[in-house]
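# Structure of the sequence below:
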Amino acid sequence: MRTPIFLFAGLSIIAFPGTGAGQNRVQPGLLEVPEIRSTWDDLTEGVTTLEEWRERRAALKQRYLDLLRDQHKPEKPALDLKVHETVEVEGIYQRQLISYQVEVDERAHAYIGIPLQRSGKAPAVVALHGTYEKGKMRAAGLIDNPDKAYLDHLCRRGYVVIAPEHFVSGHRVPPEGSYDTRRFHQKHPEWTSVGKFNYEHSIAIDVLQSMEEVDSENIGVLGHSLGGHGTFFLAAYDERIKAAASNCAATFFRHNARVEAWSRNHWYVYFKPIREGLLKGELPPIDFHEIISLIAPRAFLDLSGLNDGNPGTQRQRILMLMKIMDVYELEKAPQNFSFYVHGRGHSVAHESRSLMYGFMDAHLKPGEATKTKLVTE
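Numbering: from 1, shown residues only. Just a heads-up that it's a prediction; the model follows:
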């Protein structure tokens, strides 16, 4: 005989066979609130005060810079900003194709969107595209999937937006094909691809801050897939980012059966120097929960699909994010941290876009912009 289970206001009451109606009892342990423990707890292990966290944070920031091999980045050259094309879109915003210097012998291209109807300086967003050869064109809404037309969507909401090209895409596709990093590693053998795109996206922030239309104190970043992890990599790296929204970013180092993909020996190589250690089963001395925690107390939103890749690994992401919340509480900024988990796979569905754009509104625009009002009549 199966034991029936009844739910009353969230409490499970089990009617055990052979007992009368008045003899139902609560299953042992259901009234307790067990502590949730996981391997992600090392983030704050031994830390009880904000001062202790700040000390740990400083050590983690250095580990992150070491992972990037940040000491091998070049000196930033003068921007030498050039405008190659200007288009007015439906009388709502102006879109420009621009280029600027990122190394002494290398220029990056990007699309910039500037709303035409502005009252003073506008907040700005760096919109990072995914692994797509013409990513900045897609981010501008010119080709492919309009769900990923972040520049168009955000300009219509009053943001100045820059959509920079990834350094092995767009105007700089190498002869071997888009997203092949071998020439980059020949040029910079001690650096990393993540270090390179962080460095370039930081220059995109420089471009925004050089513009008279931009409120330099209110700059955000968002992106999907490659742009999703690019989002938290950049926000952890550059503290000028006030709000970040990462959509469907890649999985971390631990609990990842395909961790060696972070340092594969072909095509797009994220962290080339860690390959030897990964092949020996040695993980880097920092993982993604520690990198994301560097964003706190600034605003961060993580969006992910439970069915995006390995479900076991994605469920670990929830445990990881719950631990990051502890850092935001230590920083007395829990209102600045959010995550949304869904079942739409590797997508930028309507709900996800609404959350990302609303998150930017809440953290980059004046309070009046998101304030609700009562009906007066």
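
# In the record's domain split, what are the boundaries for the protein?
Here the domain parsing of the chain from automatic domain parsing is 5-34, 45-364.

# Straight-line length of the longest one, end to end?
When you say that, I think you mean domain 45-364. 33 Å (CA to CA, to the nearest Å).

# related to what we said a few turns ago, of all the domains of the chain, which one is nearest residue 371?
domain 45-364 (10.6 Å; CB to CB). Quick note: C-beta positions are derived from backbone N, CA and C, even for glycine.

# Would you mind giving the secondary structure of the residue lying closest to residue 365 once chain neighbours are set aside?
Of all residues not flanking residue 365 in the chain, residue 123 sits nearest, at 5.9 Å (CB to CB, 6 or more residues apart in numbering). At residue 123 the chain is in strand, as set by DSSP: H, G, I helix; E, B strand; the rest coil.

# Residue 123 and residue 70: what is the separation?
Using CB to CB, to the nearest Å, we find residue 123 at a distance of 28 Å from residue 70.

# and if you look at residue 55?
21 Å.

# and residue 374, which of the domains of the chain is closest to it?
domain 45-364 (20.0 Å).

# Pull the distance from the closest one to the chain's centre.
5 Å (CA atoms, centre = their mean, to the nearest Å).

# Report the mean per-residue pLDDT for that domain.
What domain 45-364 shows for mean pLDDT is 98.

# Just give the closest residue to residue 130, not the sequence neighbours.
residue 225 (3.6 Å).

# so the one you found makes contact with residue 248?
Yes - assessed by CB atoms under 8 Å, residue 225 is found in contact with residue 248 at 5.5 Å.

# what sits in contact with each of these two?
residue 346 (CB atoms under 8 Å, 6 or more residues apart in numbering).

# picking up where we left off before, indicate which one of the domains of the chain is closest to residue 376.
Nearest of these (CB to CB): domain 45-364, 23.5 Å.

# Can you name the residues that contact residue 141?
149, 151, 152, 153.

# name the element the residue nearest the centre of the chain belongs to?
For the chain, residue 246 is the residue whose C-alpha lies nearest the centre (CA atoms, centre = their mean; 2.8 Å). Under the criterion of DSSP states H and E, residue 246 resides in strand 243-247.

# buried stuff in the next helix or strand after that strand?
Downstream of strand 243-247, the first helix or strand assigned by DSSP H and E is helix 275-279. For helix 275-279, the neighbour count (16 or more other CB atoms under 10 Å) marks residue 278 as buried.

# Other residues contacting helix 275-279?
259, 260, 262, 263, 264, 265, 283, 284.

# ends of stretch 145-163, how far apart?
Span of stretch 145-163 from end to end, CA to CA: 15 Å.

# Oops, could you answer that again for stretch 109-120 instead?
Where stretch 109-120 begins and where it ends lie 27 Å apart, using CA to CA.

# 40 is where my numbering starts, stick with that
Right, with 40 as the first residue, what we last looked at is stretch 148-159.

# Name the residues of it that come out as buried.
Under 16+ other CB under 10 Å, the buried positions of stretch 148-159 are 148, 149, 150, 151, 152, 153, 154.

# Specify the local secondary structure of the first one.
Under three-state DSSP, residue 148 falls in the strand class.

# okay but it is in contact with residue 210, surely?
Yes - using CB under 8 Å, residue 148 is in contact with residue 210, at 4.4 Å.

# joint contacts of those two?
Common neighbours of residue 148 and residue 210 (CB under 8 Å, 6+ apart) are 138, 204.

# still on that earlier bit, any idea how far residue 233 is from the residue nearest to residue 169?
Taking CB to CB, one finds residue 264 at 14 Å from residue 233.

# And residue 316, by the same measure?
Residue 316 is 16 Å from residue 233, where distance means CB to CB.

# and if you look at residue 261?
18 Å.

# quick one, which of the two is more surrounded?
Counted by other CB atoms under 10 Å, residue 261 and residue 233 do not tie: residue 261 has more neighbours, with 29 against 22.

# what about residue 284, how many neighbours?
Neighbours around residue 284, by other CB under 10 Å: 30.

# OK, contacts around it?
Taking CB under 8 Å, 6+ apart, one finds 259, 260, 261, 270, 339, 340, 342, 394, 395, 398, 399 in contact with residue 284.

# rerun that using 6 Å as the cut-off
Listed by CB atoms under 6 Å, 6 or more residues apart in numbering, the contact set of residue 284 reads 261, 340, 395, 398.

# for those, which one is nearest residue 132?
Among the contacts of residue 284, and counting by CB to CB, the member closest to residue 132 is residue 261, at 17.4 Å.

# Bridged to the closest one, which residues?
residue 166, residue 284 (DSSP bridges).

# Quick check: nearest residue in space to residue 112, chain neighbours excluded?
The spatially closest residue to residue 112, leaving aside those adjacent along the chain, is residue 238, at 5.0 Å (CB to CB, 6+ apart).
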